[in-house]
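A.B. asks: when you get a sec, could you give me coordinates for this:
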Amino acid sequence: MAHNEMLLVVSSSQILMEITKKKLERAGYAVRCAVEFAEVRERISDLAPDGIVLLSDFQDGKGLELCRELRKANSIPIIYTSNNKDDELPALQAGANDFLKKPFDYEILTARVEIMLNSKAGLKSKTWEQNNFFNDDGVVDVHDYSDQATAEPQAAIKKNSGKVFKRRIRYIVAAACLIVAIIAAGIIIALDGGGGYTELTDVGIPLAEMPFEVED
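C.D. replies: Numbers count the residues shown, from 1 in each chain. The predicted structure is shown next:
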């Protein structure tokens, strides 16, 4: 199955990088490789890849450092792989979108890549690009995104609060009218000495809605 996306595979191991490249190409992706960070930056600038597969076989935590630098420079999604399961949380904190422990099945890797790229395409087209959340460098402006994310719920809260206030006003007015009507009816009955049904109907209050029984 052919894909339109291009992937950048980053590794210090030439053998592992070549194997991963071939597996991803068989899955239909265009793949380029890079070793040093300077080369990674050059590849990103020239090729604008859709995703990065970072095979963390670098020494002394340089894989995490590279992941942080990549995330600072752009918003391209990154899959981080490592022999150490304990690297998962640090990798995600460094900006990786997904983590895969080595050794891994390449079918799992290609499935994760597809999910990552589909998620990127959906978010970019339906949310960020549509609302102009990308700045001139193509990086997501988190401040603008957070403002938009909170603006809609706040507007909804204000709208609902207005509806509740209007309903309460109607209830208060209706209750006040009923109280006035009951007081008026009581005054008429007291003045006429229980003058019967005629006086009550003249006031305009149906007998069925009176809160007390009227004696003949």
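
A.B. asks: could you measure from G95 over to A184?
C.D. replies: For G95, the distance to A184 under the criterion Cβ to Cβ, to the nearest Å works out to 74 Å. All C-beta atoms are positioned from the backbone trio N, CA, C, and that covers glycine.

A.B. asks: more crowded one of those two?
C.D. replies: In terms of neighbours (other Cβ atoms under 10 Å), G95 is the more surrounded of G95 and A184; the figures are 18 against 13.

A.B. asks: so the spatially closest residue to that one that is not a sequence neighbour, which state does it fall into?
C.D. replies: Spatially, and ignoring its direct neighbours in sequence, G95 is nearest to R71 (2.7 Å; Cβ to Cβ, 6 or more residues apart in numbering). R71 falls in the helix class when you classify it by DSSP: H, G, I helix; E, B strand; the rest coil.

A.B. asks: domain ranges for the chain?
C.D. replies: Residue ranges of the domains in the chain are recorded as 6-140, 146-209, according to automatic domain parsing.

A.B. asks: which of the ones you listed comes out lowest on mean pLDDT?
C.D. replies: Least confidently modelled of the domains of the chain is domain 146-209, at a mean of 61 by mean pLDDT.

A.B. asks: now the strands for the protein?
C.D. replies: If DSSP state E is used as the criterion, the strands of the chain fall at 6-10, 30-34, 51-55, 78-82, 98-101.

A.B. asks: contacts for the shortest one, please.
C.D. replies: Taking Cβ atoms under 8 Å, 6 or more residues apart in numbering as the criterion, the residues outside strand 98-101 that touch it are 77-85, 87-88, 91-92, 108-109, 112, 115-116.

A.B. asks: now the residues you listed: which count as buried?
C.D. replies: If you count burial by 16 or more other Cβ atoms under 10 Å, the buried members of the contacts of strand 98-101 come out as P77, I78, I79, Y80, T81, S82, D87, E88, A91, L109, R112, M116.

A.B. asks: turn the strands of the chain into TSV, including distance to R168.
C.D. replies: Supplementary listing: the strands of the chain in TSV, determined by distance: least, Cβ to Cβ, whole Å:
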stretch	distance to R168
strand 6-10	59
strand 30-34	62
strand 51-55	54
strand 78-82	53
strand 98-101	50
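
A.B. asks: for L64, find the nearest of those.
C.D. replies: Comparison of the strands of the chain against L64 by Cβ to Cβ identifies strand 78-82 as nearest, at 8.2 Å.

A.B. asks: what's that closest one in contact with?
C.D. replies: Residues from elsewhere that reach strand 78-82, judged by Cβ under 8 Å, 6+ apart: 51-56, 63, 67, 70-71, 87-88, 91-92, 94-102, 104, 109, 112-113, 116.

A.B. asks: kindly recompute the last result at 6 Å.
C.D. replies: Strand 78-82 has contacts (Cβ atoms under 6 Å, 6 or more residues apart in numbering) with 52-56, 67, 91, 96-100, 102, 112.

A.B. asks: among those residues, which two are most distant?
C.D. replies: Taking Cβ to Cβ as the measure, these reach their widest spread between N97 and K102, a distance of 17.3 Å.

A.B. asks: looking at these two, which is more packed in?
C.D. replies: Comparing N97 with K102 by other Cβ under 10 Å, the one with more neighbours is N97, at 21 against 14.
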